[in-house]
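>>> need a structure here:
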Amino acid sequence: MYSAKVISLQLKEVERKNTPCFSTGPVGEDLYHWEAIITGPKGSPYENGVFKLDIHFPLDYPFAPPRVMFKTKVYHPNVTTYGNIFLKMLNPTHFRTNNSINDVLTEIHQMLTAPQIGDGHFFVEEIARIYVEDRAAFETTAPAWTVEHAGGA
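As a prediction, this is how the structure comes out:
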């Protein structure tokens, strides 16, 4: 199956790059189900947090995006209370076959310091409103959630 070959190659890419921002790999022997750990970026409200993500690759990957969700609660305009991630790259109309899982996780890590809340982006309206209109409240709540749910300090 073509998707299994692509996923295997991308696993080797992740292992070769060995970025300090995240780690990822298959859950057991299931090549189509991965877990990832993203570390909160320095200088962000998520600093020192350890965030778990769940990744499911569809059978038609890389022609369709993986389904990526936060398992760790995070207070962010692009993440719902259920862990769904609003990221253009993960939208089927914007996903490109050359986007690797390494690219996806890098983009999610960057999203933690730069929420995507402009025109053409989906976001959690209430959190986005607070982020824009009352940054001090956001900068208090997000780190508190990080400490409570992701072990940040």
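>>> how about the helices in the chain?
2-17, 101-111, 125-133, 135-150 (DSSP state H).
>>> Would you tell me which one of these is buried the most?
helix 101-111 (a mean of 19; mean count of other CB atoms under 10 Å). Glycine gets a C-beta too; all of them are placed from N, C-alpha and C.
>>> List of residues touching that one?
7, 10, 13-14, 17, 19, 21-22, 24, 34, 36, 38, 41, 53, 55, 65-66, 68, 76, 78, 85, 87, 89-90 (CB atoms under 8 Å, 6 or more residues apart in numbering).
>>> of those residues, buried ones?
7, 10, 14, 22, 24, 34, 36, 38, 41, 53, 55, 65-66, 68, 76, 78, 85, 87, 89-90 (16 or more other CB atoms under 10 Å).
>>> residue nearest the centroid of the chain?
By CA atoms, centre = their mean, the chain has its centre lying nearest to Ile108, at 3.7 Å.
>>> so where's the chain uncertain?
Applying pLDDT under 70 to the chain flags the ranges 152-153.
>>> cutoff 80 now
For the chain, the stretches flagged by pLDDT under 80 are 119-121, 152-153.
>>> So which elements touch the longest strand along it?
Ranked by residue count, the top strand of the chain under DSSP state E comes out as strand 30-39. Applying 3 or more CB pairs under 8 Å, 6 or more residues apart in numbering; DSSP states H and E, we find strand 30-39 packed against helix 2-17, strand 22-27, strand 50-56, helix 101-111.
>>> could those go into JSON lines alongside distance to Ile127?
Shown next, in JSON lines, are these (distance: least, CB to CB, whole Å):
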{"stretch": "helix 2-17", "distance to Ile127": "30"}
{"stretch": "strand 22-27", "distance to Ile127": "23"}
{"stretch": "strand 50-56", "distance to Ile127": "16"}
{"stretch": "helix 101-111", "distance to Ile127": "13"}
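>>> For Ile130, find the nearest of those.
helix 101-111 (16.8 Å; CB to CB).
>>> Let's see that closest one as CSV, backbone CA atoms only.
Written as CSV, here are the backbone C-alpha positions of helix 101-111 (Å, rounded to 0.1, in the frame of the first residue of the first chain):
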residue,chain,number,x,y,z
ILE,A,101,4.3,14.7,9.4
ASN,A,102,7.5,16.5,10.4
ASP,A,103,6.2,19.6,8.6
VAL,A,104,2.8,19.2,10.4
LEU,A,105,4.3,18.9,13.9
THR,A,106,6.7,21.8,13.2
GLU,A,107,3.7,23.9,12.2
ILE,A,108,1.8,23.0,15.3
HIS,A,109,4.8,23.9,17.5
GLN,A,110,5.0,27.3,15.7
MET,A,111,1.3,27.8,16.1
